[in-house]
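> Whatever this is, show me its structure:
(one chain, ligands or ions: 2)
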Amino acid sequence: MCPAMAMNEQGSKDDSQYLMKGVKQLYEKGHLQTVPKKYILPASDRPTKSVEDPNADNQNLQLPIIDFAELLGPNRPKALQSLANACEQYGFFQLVNHCISDDVVRSMVDVSGRFFDLPFEERSKYMTSDMRAPVRYGTSFSQTKDTVLCWRDFLKFLCHPFPDFHSHWPSSPLDFRKVVATYAEETKHLYLVVMEAILESLGIIEGKESEEENILKEFDNGSQMMVLNFYPPCPQPDLTLGIPPHSDYGFLTLLLQDQVEGLQIQFQDKWLTVQPIPNAFVINVGDHLEIFSNGRYKSVLHRAVVNEAKSRVSVASFHSLPFNFMVRPSPKLIDEANPKRYMDTDFDSFLAYVSTKEPNKKDFLNSRKLTYLQLESKLKKQ
Ligand SMILES: O=C(O)CCC(=O)C(=O)O
Ligand SMILES: [Fe+2]
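Ligands and ions are numbered 1, 2, ... in the order given. Model prediction:
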């Protein structure tokens, strides 16, 4: 009997070691009919499926679509308004007509898939529990802390700022570094143009004064981290999740998904599935932008579901200020009617937080919120 089947039925001592090799390994070697116990969520956390029930999860969602060309053209004011509405109401939008070529986008999804196709020995060279490692391969969400494991394997790596980062990236597949370097550079540029529009939509910048150029320079020098997610087919997709509900650290995430659906966002207390649009980016507001906008733009919970038939690849590019910078509500968005709603935060406090807790839902962002009493005493002092 293969180890995965044995584990399924009785649970052996080697289980955890075997499971730590990830779900691709499990799927390929296990001929699985059922998911191992360690992946089964409590009933209340499972994704449900019912087309008849209008209140059930998994209905489709047409996210607001922002046309990049409109954002740069004479209709910019209208496009900025749509951007503001999307960030306030959904925390998410799809960006179409952007400047990154179909070829660059397709190559990135393709090379990511080929990375996960490598033998486990090759992928596992990058396995580490060090959260600060410039390259980290792993499985689940936080593989050493998750009480229930998730149905995903991932590769995480730093893109910016990082001297000589190419030499840390996987050297296999042979074209990995070249394809990723082009993609990282182009997504960073796209992020900066979108971020400038977001700052304008918040009324933080208006023209090209020197003070405003400084704020843009901080974003220019900011951090960029990439995560490649791989979700193999799952024999019982209703019992588990690819990624549990979470919000993203950072200002913006630019997510590329292949044509297999799986991303769901929480909207009006329901989980709705985002329909992939070929070559579009799903962009979402991260915790730092919610803090910086003093709560005006929302960092929304999202998760990934898996399916029985197809594997799925997604590529997330996370962008924020430089790692040593404090993120705080913009002074331009604080006044008597809008007191400061969040504590200042930095990367170290985030790392300290996630390394002591099982990352769960919006915990980190909630830990940064000033409570009602704190707000009241601040108001009194003003
Ligand atoms: O795969 C997806 O659609 C979601 C990925 C995600 O949310 C993440 O990597 O933070
Ligand atoms: Fe995410």
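> can we go C-alpha only for contacts and neighbour counts from here?
Will do.
> Closest to the centroid, which residue in the chain?
residue 248 (5.0 Å; C-alpha atoms, centre = their mean).
> can you tell me the helix or strand for that residue?
For residue 248, there is no host helix or strand (DSSP states H and E).
> what do you get for the one 5 residues further on?
With secondary structure defined by DSSP H and E, residue 253 is part of strand 252-257.
> show me where the stretch 151-300 of the chain has strands.
With strands called from DSSP state E, counting those that start in this stretch, the stretch 151-300 of the chain shows them at 153-160, 223-231, 243-246, 252-257, 263-267, 270-274, 281-285.
> I'd like these as TSV, with mean pLDDT and distance to residue 94 appended.
Formatted as TSV, these follow (pLDDT from 0 to 100; distance: least, C-alpha to C-alpha, whole Å):
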stretch	mean pLDDT	distance to residue 94
strand 153-160	95	23
strand 223-231	97	19
strand 243-246	92	19
strand 252-257	97	9
strand 263-267	95	13
strand 270-274	92	9
strand 281-285	98	4
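> for the protein, what helix or strand is lowest in average pLDDT?
helix 3-9 (a mean of 40; mean pLDDT, DSSP states H and E).
> which element is residue 318 on?
Using DSSP H and E, residue 318 sits in strand 312-320.
> Strand 153-160 and that strand, what's the angle between them?
Between strand 312-320 and strand 153-160, the angle comes out at 30 degrees (axes from the mean of the first three to the mean of the last three C-alpha atoms, to 10 degrees).
> which strands and helices sit next to strand 312-320?
Strand 312-320 is packed against helix 102-116, helix 176-201, strand 223-231, strand 252-257, with contacts defined by 3 or more C-alpha pairs under 8 Å, 6 or more residues apart in numbering; DSSP states H and E.
> hmm, who's touching the next helix-or-strand element following that strand?
Under the assignment DSSP H and E, the closest C-terminal helix or strand after strand 312-320 is helix 347-356. The contact list for helix 347-356, computed with C-alpha atoms under 8 Å, 6 or more residues apart in numbering, reads 131, 323-326, 364.
> Select from those the one having the most neighbours.
Neighbour counts for the contacts of helix 347-356 (other C-alpha atoms under 10 Å) peak at residue 364, which has 21 neighbours.
> near ligand 1, which residues of this protein show up?
227, 229, 248, 262-263, 303-304, 314, 316 (C-alpha under 6 Å from any ligand atom).
> if we go to 5 Å?
By C-alpha under 5 Å from any ligand atom, the residues of the chain that approach ligand 1 are 263, 314.
> The residue in the chain that ligand 1 sits nearest to: neighbour count?
Residue nearest to ligand 1 within the chain: residue 263 (4.0 Å; C-alpha to the nearest ligand atom). Other residues near residue 263 number 22, with proximity taken as other C-alpha under 10 Å.
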